[in-house]
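In: From the sequence below, what's the structure:
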Amino acid sequence: MNWFLTTGGFLVTCLGVWETFMAVMHPRATVGPITKCINRGFHFLVRTRVFAHPRVVVYCGPALIATQVLCWATLLLIGVSLIVWPQLGTGITATGLTPTDRGFASAVYYAGFTITTLGVGDLVPRTPAMQFLTITAAGLGFSFFTLVLAYVISVYSTLARRNQFANEIEYRTGRTGDSLGYLRAYLTGSDPSLVNQDLYTMSSNMADLLESHHFYPVLHYFRFSEPRYAMTRMLRFCLEVSSMMRAVRQVDAAKLPASTEAVDRLWHASMQMLEETKRHFVICHSTHDAPDPRLAIEISPLIGDSDDLLDQLKAAFVDQQSEWLHDLNALAVCTSSEPRKES
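Out: Here you go, the predicted model:
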């Protein structure tokens, strides 16, 4: 029985260390099994009628981080407690003449003050093995709290950069979030260098956004009551801008003020962000997938007045739009943000 508890405790401790390592030391979109289950559980929870309320869903991200950290700490605590439990009264005893309580609660107590490095001292290790275990558990606990602190700081710093990018898009569109005003201004601009510089800046920001969400999937669960901070709104803007400029280039390259490289960089960065999000985040079903050529209709007077050119521009834009519209609207449903409806 003692060997069974010790082995089980060792495995649970390793699982807790592994979960923390995957999330903090190796922060990629592939997380540990327990953390993955927690993420999925939170996703389905916020899709329920009770928790989908905007005033509730804004706490999803912080609550998810707290749940993850609590789960990792619990695994570490329970694992060390199971290892310690069989040693109470022999390898670990109470100080003085007080009899040693051999219950599991005492094992949790000893493991707790060892991991947190409190060192209460009413239970002490007597054998070399338990002394080594105590030092190891204290080291694991100190490392755990240091890594968790670094994890939380990293998540919130990347979240701040994401929100900054969202605000920049908001300012580019006159605080409307509509790509039409942005496109109209740049397609009629006389200085193509400004267009290229802005597209390069946005593609760089989108690449940073991609890598930060790839490192910290918990960012997908951070929602805000302000619509401008929605990931789908940022992606929709970047994809509409790059899709329209690619459509203009396809119809009449001379009318495009931006360079091919700048447009394609924004397109590929945005598409990769959408693809990675779809791959590592739960995608729902969308019923708003009909192509929307309204943007092409509004922009066409800036390109030319002929009906044939309008038809070509509409067809080219719809063709570009079809590559991302369904996935983006499905992501909007998953994140409880309404996709734009067709008229």
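In: Burial check on the nearest residue to residue 147 once chain neighbours are set aside, number of neighbours?
Out: Using Cβ to Cβ, 6 or more residues apart in numbering and skipping the chain neighbours, the partner closest in space to residue 147 is residue 24 (4.4 Å). In this view, the C-beta of every residue, glycine as well, is placed from N, C-alpha and C. For residue 24, the count of nearby residues is 20 (other Cβ atoms under 10 Å).
In: just residue 328 next, same as before
Out: For residue 328, the neighbour count with other Cβ under 10 Å is 25.
In: now the strands: where do they sit in the stretch 1-150 of the chain?
Out: For the stretch 1-150 of the chain, applying DSSP state E, counting those that start in this stretch gives strands covering 92-94, 123-125.
In: Save those strands as JSON lines, and put in mean pLDDT too.
Out: Converted to JSON lines, these look like this (pLDDT from 0 to 100):
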{"stretch": "strand 92-94", "mean pLDDT": "90"}
{"stretch": "strand 123-125", "mean pLDDT": "91"}
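In: okay, the ones you listed in TSV with distance to residue 244 and mean neighbour count next?
Out: Formatted as TSV, these follow (distance: least, Cβ to Cβ, whole Å; neighbours: other Cβ atoms under 10 Å):
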stretch	distance to residue 244	mean neighbour count
strand 92-94	70	19
strand 123-125	69	18
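In: Among the ones you listed, which comes closest to residue 135?
Out: strand 123-125 (9.0 Å; Cβ to Cβ).
In: Now do that closest one: everything it contacts.
Out: Contact with strand 123-125 is made by 88, 91-95, 100, 106, 109-110, 131, 133-134, as judged by Cβ atoms under 8 Å, 6 or more residues apart in numbering.
In: For residue 63, state which of those residues is nearest.
Out: residue 109 (27.9 Å).
In: so who does the closest one touch?
Out: residue 123.
In: Repeat that for residue 284.
Out: 47, 330, 331, 333, 334.
In: Which of those residues ranks first by neighbour count?
Out: Busiest of these [other Cβ under 10 Å] is residue 331, holding 26 neighbours.
In: Using CSV, please lay out the strands of the stretch 1-150 of the chain together with distance to residue 182.
Out: Below are these laid out as CSV (distance: least, Cβ to Cβ, whole Å):
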stretch, distance to residue 182
strand 92-94, 67
strand 123-125, 66
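In: coming back round to it: just the ones of the contacts of strand 123-125 in helices?
Out: 106, 109, 110, 131, 133, 134 (DSSP state H).
In: Residue 35: which of the contacts of strand 123-125 is nearest?
Out: residue 133 (26.1 Å).
In: Spit out the contact partners of the residue lying closest to the closest one once chain neighbours are set aside.
Out: In this structure, residue 133 finds its nearest non-sequential neighbour in residue 83, 6.5 Å apart by Cβ to Cβ, 6+ apart. Residues in contact with residue 83 (Cβ under 8 Å, 6+ apart) are 5, 6, 9, 10, 13, 133.
In: Which of those residues sits closest to residue 275?
Out: For the contacts of residue 83, the residue nearest residue 275 by Cβ to Cβ is residue 13; the value is 36.9 Å.
In: what's the neighbour count on the closest residue to that closest one other than its chain neighbours?
Out: Nearest residue to residue 13, sequence neighbours excluded (Cβ to Cβ, 6+ apart): residue 79, at 3.0 Å. Residue 79 has 24 neighbouring residues, counting by other Cβ under 10 Å.
In: Let the chain start at 295 from now.
Out: That works, and once the first residue is 295, the last one we named lands at residue 373.
In: Can you say which helix or strand has residue 561 in it?
Out: Per DSSP states H and E: residue 561 is located in helix 554-574.
In: ok, residues contacting that helix?
Out: By Cβ under 8 Å, 6+ apart, the residues outside helix 554-574 that reach it are 323, 489-490, 493-494, 496-498, 500-501, 503-504, 507-508, 511, 514, 525, 529, 532-533, 535-537, 539-540, 543, 550, 617-618, 621-622, 624-625.
In: Highest neighbour count among the ones in helices among the contacts of strand 417-419?
Out: Using other Cβ under 10 Å as the neighbour criterion, residue 404 leads the ones in helices among the contacts of strand 417-419 with 25 neighbours.
In: is it true that it touches residue 381?
Out: No: proximity of residue 404 to residue 381 does not meet the contact threshold set by Cβ atoms under 8 Å, at 9.1 Å.
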